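Participant: Give me a model of this one.
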Amino acid sequence: MMNVKLQPNMTQNARDLRICEDYWSYDNKGDYIAHVEAVCEKYDISAQVLFKTIGECFAYLDDVRCEYCGYVCPLQIPADIPYMRAKERWCCEVCEHAVWREHNHR
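Facilitator: Numbering: from 1, shown residues only. Predicted structure coming up:
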């Protein structure tokens, strides 16, 4: 089940998107290292190429949004998914910074 939205950059092709989809399909239950190795083996690529490819594709949760501006929640690693979903509220970096500045300049 895909619970992550992906937005590839303009230089990425369909194969790159499939690599990203397979990487982000990790369910946080099994062995993460084995998952990475399996994706690398499937596409005959190194872990370095895998992480470069997924790093160029914007991954996010569209059901977790900033409580102030509504921005989607960006992801860095699959472990972010259950962590971000478990939060009662989430605030993006831009709004967090603005709130911090407002709070500290009173």
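Participant: Return the list of helices and strands in contact with the strand of greatest length in the chain.
Facilitator: Using DSSP state E, we find that the single longest strand of the chain is strand 58-65. Strand 58-65 sits against strand 5-7, strand 72-74, helix 80-86, with contacts defined as 3 or more CB pairs under 8 Å, 6 or more residues apart in numbering; DSSP states H and E. (Glycine included, C-beta is placed from N, CA and C.)
Participant: Compare those and give me the one nearest residue 23.
Facilitator: Between residue 23 and the helices and strands packed on strand 58-65, the shortest gap by CB to CB is with strand 5-7, which sits at 9.7 Å.
Participant: now the helix or strand that the closest one is followed by, how far from the chain's geometric center?
Facilitator: Scanning forward in sequence from strand 5-7 by DSSP states H and E, the next helix or strand is helix 14-24. Helix 14-24 sits 13 Å away from the centroid of its parent chain (CA atoms, centre = their mean, to the nearest Å).
Participant: number of nearby residues for residue 88?
Facilitator: Look at residue 88: counted by other CB atoms under 10 Å, it has 5 neighbours.
Participant: quick one on the thing from earlier: can you say which of the helices and strands packed on strand 58-65 is packed in most?
Facilitator: Each of the helices and strands packed on strand 58-65 was scored by mean neighbour count; the highest is strand 72-74, a mean of 17, by mean count of other CB atoms under 10 Å.
Participant: Mind giving me the packing neighbours of it?
Facilitator: strand 58-65.
Participant: Show me what the strand it packs on is in contact with.
Facilitator: If you take CB atoms under 8 Å, 6 or more residues apart in numbering as the criterion, strand 58-65 is touched by 3-9, 20, 24, 71-75, 81, 84-85, 87, 90.
Participant: please redo it, this time with the cut-off set to 7 Å
Facilitator: 4-7, 24, 71-75, 81, 84-85, 90 (CB atoms under 7 Å, 6 or more residues apart in numbering).
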